[in-house]
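Engineer: build me a structure from this.
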Amino acid sequence: MSDVATYFTSRLPPDPRRTVLWQALWSAYFRHVVGPDDTVLDLGAGYCAFINSVRTTGRRLAVDRWPGFVEHAAAGVEARVGSVTDLEWPADGSVDFAFASNVFEHLSQPDLVRVLNGLRNKLSRRGRLCLIQPNYRYCSKEYFDDYTHVTVFSHVSLCDFLVANRFRILDCRPRFMPLTVKSRWPVHPALIRAYVASPIKPFGKQMLVLAEPRRGAHAADDAG
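Structural biologist: The predicted structure is shown next:
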């Protein structure tokens, strides 16, 4: 068994609550930020719970270096086994919404720069990048319970990192959602929708950042 397969077996075994979670998050948040004909790319798709929940007439693309993820992709999802640092395969300008949940903390900063450089070429003129991942400021005690975490970000440092790599921040939610579905709290669609809508999120330890490549006058500012 490969290292990545072992990781999924020991750290991330299948859990039907993930499907409930991402379908509810699609209804509560993502359907408002993903266009009806957007081509969506899921980086590090895992069990494909997010990309399977996406409703679009555009293409649904998913990449993960875990070969087993292909078995979890729904009909119509184009699954590719490979590293998220290798984004040569989508056509330039073809991706309208790139998404990564709990991925960036597993990569070194040089690899993250490669991912962002690749995405700038692949995102369309309206293309955006959405990241969800643990916010170190609110989960420092649990952060390295995952032995594959190598890079630390808070909502402040992640936004600064994106800006330093020529992205513009559109939305930053420091406490978007709880850290994991593996808790004593029920995972129910109504509770998830209420939590996303609530301005008070006492258990929120995962952040959400929405960004886009700096374009036009903003890109000219970079060049200047």
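Engineer: okay, now the residue lying closest to residue 215 once chain neighbours are set aside: neighbour count?
Structural biologist: Distances taken as C-beta to C-beta, 6 or more residues apart in numbering put residue 125 closest to residue 215, at 7.4 Å, once the chain neighbours are dropped. The C-beta positions use only the backbone N, C-alpha and C, and glycine is treated the same way. Using other C-beta atoms under 10 Å, residue 125 has 10 other residues around it.
Engineer: tell me the phi and psi of residue 125?
Structural biologist: Per-residue torsions, residue 125: phi -60, psi -20 (degrees, to the nearest 10).
Engineer: is it true that it touches residue 212?
Structural biologist: No: when contacts are counted by C-beta atoms under 8 Å, residue 125 is not listed as touching residue 212 (9.8 Å).
Engineer: what sits against the nearest residue to residue 60 once chain neighbours are set aside?
Structural biologist: Spatially, and ignoring its direct neighbours in sequence, residue 60 is nearest to residue 77 (4.7 Å; C-beta to C-beta, 6+ apart). By C-beta atoms under 8 Å, 6 or more residues apart in numbering, residue 77 lies in contact with 48, 51, 52, 60, 61, 62.
Engineer: for the second one, the count of nearby residues, please.
Structural biologist: Spelled out, that is residue 51. With other C-beta under 10 Å as criterion, residue 51 counts 26.
Engineer: host element of it?
Structural biologist: When elements are assigned from DSSP states H and E, residue 51 belongs to helix 49-53.
Engineer: may I see the buried residues of the helix or strand following that helix?
Structural biologist: Going down the chain from helix 49-53, the next helix or strand is strand 60-64, by DSSP H and E. Neighbour counts over strand 60-64 (16 or more other C-beta atoms under 10 Å) mark 60, 61, 62, 63, 64 as buried.
Engineer: and stretch 205-216, by the same measure?
Structural biologist: Neighbour-count burial for stretch 205-216, with 16+ other C-beta under 10 Å as criterion, is recorded at 205, 206, 207, 208, 209, 210, 211, 212, 213, 214.
Engineer: what's next to it, contact-wise?
Structural biologist: 33, 102, 119-120, 123, 125, 127-135, 138-139, 142, 154-155, 158-159, 162, 166-179, 219, 221-222.
Engineer: so what's residue 130 bridging to?
Structural biologist: Residue 130 forms beta bridges with residue 99, residue 210, as assigned by DSSP bridges.
Engineer: my read: it touches residue 103, true?
Structural biologist: No: if you go by C-beta under 8 Å, residue 130 and residue 103 don't touch, sitting 11.3 Å apart.
Engineer: please enumerate the helices of this protein.
Structural biologist: For the chain, the helices defined by DSSP state H occupy 3-10, 16-28, 49-53, 109-122, 136-139, 155-164, 189-197, 216-223.
Engineer: identify the residues contacting the residue nearest the centre of the chain.
Structural biologist: In the chain, the C-alpha nearest the mean C-alpha coordinate belongs to residue 100, at 1.9 Å (C-alpha atoms, centre = their mean). Contacts of residue 100 were listed using C-beta under 8 Å, 6+ apart, and they are 42, 43, 44, 84, 129, 130, 131, 132, 133.
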